[in-house]
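Visitor: My questions are about this predicted structure, shown below with the sequence.
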Amino acid sequence: MRETPQRKLWINKLFKPLGAGANALDERPYWPRGRAERVDHMFLFLLTPPNSGSTEIAQHMVRRGDIGGLYHNFEGQRLIKGLMDTDRWWPEKFIDFEAVLGAWNGRIAELDAEGRYSYWLEKSPPNLVRHKQLFGYFPQHRAVVNNRAPMANVASQLRRYLIKEYHGARRALVIRHLARIWQWRSERLMAAARQSGYPCVTYERFCARPDAILEAFGLEPTIHSGEAALEGIVNLNAEHAQLLSEHERGMVAEELSGAGEVLEFFGYDLNDEL
C-alpha cells in the first residue's frame with residue numbers, strides 16, 4: 001500500500017525553480033474499498049486539537065519502542081481521502097467506518113508483519129467530534145485528552161494557517177475566529193473527559209513532566225522515555241504567544257470572556273498569558 005498514491009502535476013516543474021508547487025492530484029477513492037468491522041489491536045487515542053504539541057508528545061511516547069503509528073505523524077486520517085476533506089470537523093459528516101477500519105488494518109499488516117508493536121498511537125484531531133462512535137470499533141483502546149493554552153494555540157494556528165486557509169481575510173477576524181474555535185474544541189474535550197472519565201494531560205503538564213502522558217495511558221516509562229530522553233522538550237507557549245501583539249492577545253481574551261468553566265477545567269488563566 002502506498003501512503004499517498006498521487007500523480008505529480010507537470011506544473012510543479014515550472015514552479016520548482018521558484019521554490020513553490022501545486023498540490024498533487026489525489027486519485028485515491030474517497031473511501032477505500034477494503035472493509036473491516038473492527039480493529040483488534042490495542043489503540044491509544046490522543047484526543048487533541050491542532051497545534052497542541054501532540055507531535056512532540058507522540059515522539060516522546062514512541063521512544064518506548066513498542067508503540068507504532070499508522071502514519072509518520074500518527075494521524076491515520078491521512079490514509080483516507082474522505083477523512084481529509086474540508087468537512088472533516090463537521091460532527092454529522094458521513095464516515096464509512098468499515099472502509100476506515102479496513103485501511104487501518106491493512107496498514108498495520110503492512111508496517112508490522114512481525115508483531116513488534118504492542119500499541120498503536122492515533123491522534124487525528126477530528127477524531128474529537130466522533131470519538132464515541134469511532135471507539136466502538138476498537139475492543140481494545142485507551143484514550144487521553146490533551147489541550148494547550150489558548151494564546152499559544154491561537155498564535156501557532158495563525159502562523160500555520162493564515163495564508164493557507166484564510167488567505168485574503170483580515171488578520172483580526174481570523175484571530176477572533178481561532179479563539180472561538182479554541183473554545184468550541186475545548187468544550188468538547190472537557191465533555192469527553194467528564195463523561196467518559198478520560199485522563200487529561202495538557203501540553204503544559206507534558207512539558208513539565210513528559211512521562212505523565214505515558215502514565216495517563218497506563219504505560220510504564222522506560223529508560224528510553226525517562227530523563228535521558230527529555231532533552232529538547234521545551235514549553236514554547238511564551239514564544240508562540242509573542243507572535244500576537246498585545247492588542248491581539250486582548251482580542252483573544254475578549255472572545256473567551258465567557259469561557260470561564262472550560263478555562264478553569266484545564267487550569268488556564270488568561271491573565272497569565274496577557
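Guide: Received the coordinates, thanks.
Visitor: can you count the residues close to Thr86?
Guide: 7 (other C-beta atoms under 10 Å). To be clear about C-beta, it is placed using only N, CA and C from the backbone, and glycine gets the same treatment.
Visitor: quick one: it and Trp31, what's the gap?
Guide: 16 Å (C-beta to C-beta, to the nearest Å).
Visitor: Kindly report the same for Ala149.
Guide: For Ala149, the distance to Trp31 - C-beta to C-beta - is 37 Å.
Visitor: So the two - more neighbours on which side?
Guide: Ala149 (25 against 20).
Visitor: OK, contacts around that one?
Guide: Ala149 makes contact with Thr202, Tyr203, Glu204, Asn237, Ala241, Tyr268, Glu273 under the criterion C-beta atoms under 8 Å, 6 or more residues apart in numbering.
Visitor: now those residues in CSV, with secondary structure, distance to Phe138 and pLDDT?
Guide: Listed next are these as CSV, based on DSSP: H, G, I helix; E, B strand; the rest coil; distance: C-beta to C-beta, whole Å; pLDDT from 0 to 100:
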residue, secondary structure, distance to Phe138, pLDDT
Thr202, coil, 24, 98
Tyr203, helix, 25, 98
Glu204, helix, 29, 98
Asn237, helix, 32, 96
Ala241, helix, 36, 94
Tyr268, coil, 31, 98
Glu273, helix, 36, 82
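Visitor: Closest one of those residues to Gln59?
Guide: Tyr203 (13.4 Å; C-beta to C-beta).
Visitor: residues contacting the closest one?
Guide: Here Tyr203 is in contact with Ser52, Gly53, Ile57, Asn146, Asn147, Arg148, Ala149, Asn235, Asn237 (C-beta under 8 Å, 6+ apart).
Visitor: State the distance from it to Val62.
Guide: From Tyr203 to Val62 the distance is 17 Å (C-beta to C-beta).
Visitor: Now the phi/psi pair for the residue nearest the centre of the chain, please.
Guide: Nearest to the mean C-alpha position of the chain, counting by C-alpha atoms, centre = their mean, stands Pro125 at 3.8 Å. When read as degrees, to the nearest 10, the backbone of Pro125 gives phi -50, psi -40.
Visitor: Which helix runs longest in this protein?
Guide: helix 171-196 (DSSP state H).
Visitor: wait, what's in contact with the residue nearest to the centre of the chain?
Guide: Pro125 neighbours (C-beta under 8 Å, 6+ apart): Thr48, Pro49, Pro50, Ser54, Glu75.
Visitor: Hmm, His60 and the fourth one touching each other?
Guide: No - applying C-beta atoms under 8 Å as the test, Ser54 and His60 come out as separate, 10.6 Å apart.
Visitor: okay, those two: which has more neighbours?
Guide: With neighbours defined as other C-beta under 10 Å, Ser54 and His60 compare such that Ser54 has more, 25 against 21.
Visitor: Now do the end-to-end distance for stretch 42-57.
Guide: Distance across stretch 42-57, first residue to last, is 18 Å (C-alpha to C-alpha, to the nearest Å).
Visitor: my bad, should have said stretch 122-129
Guide: 14 Å.
Visitor: so for stretch 102-111, what's the average pLDDT?
Guide: Stretch 102-111 comes out with an average pLDDT of 98.
Visitor: Residues contacting that stretch, please?
Guide: 1, 32-36, 39, 41, 68, 70, 76, 79-80, 117, 120.
Visitor: can you give me phi and psi for the nearest residue to Arg180 once chain neighbours are set aside?
Guide: Of all residues not flanking Arg180 in the chain, Glu255 sits nearest, at 5.7 Å (C-beta to C-beta, 6 or more residues apart in numbering). The phi/psi pair for Glu255 (degrees, to the nearest 10) reads phi -60, psi -30.
Visitor: so what's Glu255 up against?
Guide: Arg176, Ala179, Arg180, Gln183.
Visitor: What separation do you get for it and Pro150?
Guide: 9 Å.
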